[in-house]
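Below are the sequence and a predicted model; questions follow.
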Amino acid sequence: QVQLVESGGGLVQAGGSLRLSCTASGSIFSINAMEWHRQAPGKQRELVAFISKGGSTYYVDSVKGRFTISRDNAKNTVYLQMNSLRPEDTAVYYCYAQISPGLGRLDQNYWGQGTQVTVSS
């Protein structure tokens with residue numbers, strides 16, 4: 001089995017910074033795409049940032065220039081550095097990964113349990 005464990009959420013004032021981490025463990029052969037999503041109260045979950053195995057990235061427009069996604073393949077970990085935080089960034093943040101459990105085996109999709117980020121005005 002595979003687990004994704006997130007950390008780094010919390011309460012911060014507007015303009016502040018937080019760094020989220022998500023580490024995958026278990027039966028892992030390779031990790032392909034890794035992503036961060038978020039869900040605010042009363043809203044649908046949305047993709048915030050994506051990083052491919054090779055390091056290509058994508059960001060939703062609302063976080064461009066403020067958030068940075070990165071990964072450490074040796075540690076099976078993805079990070080989200082969040083700067084210049086705004087109250088509208090308040091949400092539960094989830095990591096997601098496409099993981100192959102073995103050579104030649106198809107990727108499976110995994111989600112973390114979520115970590116709360118609250119930005120006060």
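Done, it's in. Residues are numbered from 1 along each chain as shown.

Name the SS class of the most centrally placed residue in the chain, please.
Centroid check for the chain by C-alpha atoms, centre = their mean gives Trp36 as the closest residue, at 2.8 Å. Using DSSP: H, G, I helix; E, B strand; the rest coil, the secondary structure recorded for Trp36 is strand.

Tell me how far the residue of the chain positioned farthest from its centre lies from Phe29.
Taking C-alpha atoms, centre = their mean, the residue of the chain most remote from its mean C-alpha position is Gly104, at 25.9 Å. Gly104 sits at a distance of 9 Å from Phe29 (criterion: C-beta to C-beta, to the nearest Å). Just so you know, the C-beta spots here come from the backbone N, C-alpha and C atoms, and that holds for glycine as well.

ok, back up a step: does the residue nearest to the centre of the chain have any beta-bridge partners, and if so which?
Taking DSSP bridges, one finds Ala49, Cys95 as the beta-bridge partners of Trp36.

Run through the residues that contact it.
Taking C-beta atoms under 8 Å, 6 or more residues apart in numbering as the definition of contact, the neighbours of Trp36 are 20, 22, 47-49, 69, 78, 80, 93-96.

so what's the spatially closest residue to Thr118 that is not a sequence neighbour up against?
Closest residue in space to Thr118, ignoring its immediate chain neighbours: Leu11 at 4.7 Å, by C-beta to C-beta, 6 or more residues apart in numbering. Leu11 makes contacts with 118-120, as judged by C-beta under 8 Å, 6+ apart.
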